[in-house]
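In: sequence-free structure coming up:
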């Protein structure tokens, strides 16, 4: 009888442990990624709701990507110029960020938690170091909310802006990333 009880205890620990292991990764395929740049002549503020992202709590890693053609602009001509002339979406179809963070994420609290993520942004075929902060909130249903903001400069990614339109396009863009992540089971 003691042996059976011992076996059930071990099986219970393994079951609980396996559940915890699987719940260490969270994913979304509907992250919202937007950027905003303004000059006296033009405001550029496209948005994509098709970003993919993974948060790996155990390995303290965060990655996301977005297809460049998924950004929607208020003006069709802006969208066409963005894809064909600036980011060259046919040649460089996506932007990808991969980073690491040092802080622990407490899955047992619904209070907002801030982490600092250091990594690499690949855009337009160019890799650049990027550091950003992310605010993470654990929801009652076990999902995670992530919000992050940072700035990017087109020139840092070899995105050439012709002199004829240079005064219409901001030198720096504010980028926001937001997503609701579900545990990977």
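Out: Great, that's in hand. Remember, it's a predicted structure, so these values are computed and weren't measured experimentally.
In: now the closest residue in space to residue 151 that isn't next to it in sequence. Its backbone dihedrals?
Out: Spatial nearest neighbour of residue 151, excluding adjacent residues (Cβ to Cβ, 6 or more residues apart in numbering): residue 172 at 5.3 Å. C-betas here are computed from N, CA, C, even on glycine. Phi and psi for residue 172, reported as degrees, to the nearest 10, are phi -130, psi 140.
In: residue 172 contacts residue 150, correct?
Out: No. Between residue 172 and residue 150 there is no contact under Cβ atoms under 8 Å: 10.5 Å.
In: in which helix or strand does residue 77 reside?
Out: Element membership of residue 77 [criterion: DSSP states H and E] is helix 76-81.
In: I'd like the distance between residue 115 and residue 180.
Out: Using Cβ to Cβ, to the nearest Å, we find residue 115 at a distance of 17 Å from residue 180.
In: which regions of the protein lie under the pLDDT threshold?
Out: 1-23 (pLDDT under 70).
In: bridging residues for the spatially most central residue of it?
Out: Centrality entry for the chain: nearest residue to the mean C-alpha point is residue 64, 4.0 Å, by Cα atoms, centre = their mean. Residues in a beta bridge with residue 64, per DSSP bridges, are residue 53, residue 97.
In: ok, it touching residue 97?
Out: Yes. The pair residue 64 / residue 97 is scored as a contact, 5.4 Å apart, by Cβ under 8 Å.
In: more neighbours, residue 115 and residue 180?
Out: When residue 115 and residue 180 are compared for neighbours, residue 115 comes out ahead with 21 against 16, by other Cβ atoms under 10 Å.
In: which residues touch that one?
Out: Residue 115 makes contact with 101-103, 105, 133-134, 136, according to Cβ atoms under 8 Å, 6 or more residues apart in numbering.
In: so which of these wins on neighbours?
Out: Going by other Cβ under 10 Å, residue 136 tops these with 23 neighbours.
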